[in-house]
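Novice: Sequence and computational prediction follow.
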Amino acid sequence: MIRIGILNLQGDIQEHLEATLNAAQKTGAKCHISKVKTASEVAECHGLIISGGESTVIGKFIQEEGIDQTILENRTAVLGTCAGMVILGKKTDYQQPLLGLIDMQVKRNGFGNQRLSFERDVEIFGKNYPGIFIRAPYALKVGSAANTLAKIDDKVVAVQQENCLATAFHPELTEDTRIHEYFIKEVI
Ligand code: GLN
């Protein structure tokens, strides 16, 4: 049984839960998927999903709750989308708590403000994926330990390092569950 937690603080938590349930069904993997909010709940999980939202708020919460320590000690797999991508990075243009699990420097709101949110196909794993970008970040610099999975206009929008996967776009907002399936099947 694979246990997956959706960090229950802010952002598209319900959407991530549903996308993960659908993805699990497609992969045929036996999964237990739930919303989690404490370090002890995270400790039960093989994988954790950190949604979009405000990365400063989410990062502070993760630190205050000791969830960062739990993830580091257990080497929990993490999927971070949008704000979650920021948190997985080592550095941003702001002073904020980060997990630093992916060797990348992230530019927050890299594509501009809320009005400049957009939808665009992203080529990932050799196929197009419907990318929904909402005040999205991108990776400015990706270190040699990390693997760039997708770019748009030379901006890195999907990165993986070992069992951590980051996307600048929101896979939970489409019907296409391939990113969640990949997280379950290949990353966790
Ligand atoms: N710009 C936000 C941040 O850093 C992320 C936006 C989002 O998650 N939709 O924190």
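Specialist: Sure thing, it's come through.
Novice: Which element, helix or strand, includes L99?
Specialist: Assigned by DSSP states H and E, L99 belongs to neither a helix nor a strand.
Novice: Would you enumerate the residues in contact with whichever residue of the chain sits closest to the ligand?
Specialist: Nearest to the ligand in the chain, going by Cβ to the nearest ligand atom, is G52, at a distance of 2.8 Å. All C-beta spots, glycine's among them, are computed from the backbone N, C-alpha and C. By Cβ atoms under 8 Å, 6 or more residues apart in numbering, G52 lies in contact with G11, D12, T81, C82, A83, G84, I134, H170.
Novice: Quick check: residues of this structure near the ligand?
Specialist: Applying Cβ under 6 Å from any ligand atom, one finds that the chain approaches the ligand through G52, G53, E54, S55, C82, A83, V86, R108, N109, I134, R135.
Novice: If you count neighbours, what's buried in stretch 117-131?
Specialist: For stretch 117-131, burial by neighbour count (16 or more other Cβ atoms under 10 Å) applies to V122, I124, Y129, P130, G131.
Novice: so where is this structure shaky, pLDDT-wise?
Specialist: Residues of the chain meeting the criterion pLDDT under 70: 114.
Novice: let's go with 90 and repeat that
Specialist: 112-117 (pLDDT under 90).
Novice: Point me to the helix or strand that includes the residue nearest in space to the middle of the chain.
Specialist: Closest residue to the average C-alpha location of the chain: G80 at 1.2 Å, with Cα atoms, centre = their mean. G80 belongs to strand 77-81 when assigned by DSSP H and E.
Novice: Strands along the chain, start to end?
Specialist: With strands called from DSSP state E, the chain shows them at 2-7, 31-36, 47-50, 77-81, 91-92, 104-107, 118-124, 127-133, 138-142, 147-152, 155-161, 164-167.
Novice: quick one: contacts for G80?
Specialist: Each residue near G80 by Cβ under 8 Å, 6+ apart is listed here: I49, I50, V86, I87, L88, C164, L165, A166, T167.
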